[in-house]
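From the sequence below, what's the structure:
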Amino acid sequence: MYDYIKALHLIFVITWFAGLFYIPRLFIYHIEASQKASPEKEILSKQLQLMTKRLWYIITWPSAILATFFAVWLLVLMPVWLQQPWMHIKLGFVLLLIAYHLKNHRIFIQLQRNEINYTSNFMRIWNEGATLILFAVVFLAILKSTFTWIFGVVGILVLGILLLLGIKLYKRLRKRNPEA
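Here you go, the predicted model:
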């Protein structure tokens, strides 16, 4: 039974992250569509609202709920994990992931009302939040007690810096070639 629950947990974690990786990208497109001239602006905004709504309510939210449900079930089956320091850290990152998810929900609601409160550049940086959390959670779950704080923190910081540099490089490329 344990292996089935773990498999289901992993499947829904993967689909949850898929939604969290794609939703900010749709936010970027929506924000950029709002800067276009009519009627392109209205057509694109309406289509992006529909795509975002389907992704958010049909894939991302159900996946988040099911991943959490199966995670709790795993902890009920293996309560000893709650005594291990790596699990405390992992659960801290899971709380951060839930906060990230809820903030995306707030942005989603605003964009459904065509309220543009962020730039596409901000959203490109925001989009990397899920990536950083994913790296931290996977390394903690796989390495458990062999995960050292110094290596982990330095690794996440280096990854964050590389992602920011990638975003800056992409921004320069887009300035040179707007179709990129």
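
Not counting sequence-adjacent ones, nearest residue to residue 135?
residue 159 (5.9 Å; C-beta to C-beta, 6 or more residues apart in numbering). For every residue, glycine as well, the C-beta is placed using N, CA and C.

buried sites along the one helix or strand that neighbour maps to?
If you go by DSSP states H and E, residue 159 is part of helix 149-176. Within helix 149-176, the residues scored as buried using 16 or more other C-beta atoms under 10 Å are 152, 156, 160, 163.

Same check on stretch 60-78?
Buried residues in stretch 60-78 (16+ other C-beta under 10 Å): 60-61, 63-64, 66-68, 70-71, 73-74.

who touches it?
1-2, 5-6, 8-9, 12-13, 15-16, 18-20, 23, 81-82, 94, 98, 101 (C-beta atoms under 8 Å, 6 or more residues apart in numbering).

Then stretch 39-50?
By C-beta under 8 Å, 6+ apart, the list of residues contacting stretch 39-50 from outside reads 26, 29-30, 33-36, 111-112, 114.

Secondary structure added to those residues, as CSV?
Below are those laid out as CSV (DSSP: H, G, I helix; E, B strand; the rest coil):
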residue, secondary structure
26, helix
29, helix
30, helix
33, helix
34, coil
35, coil
36, coil
111, helix
112, helix
114, coil
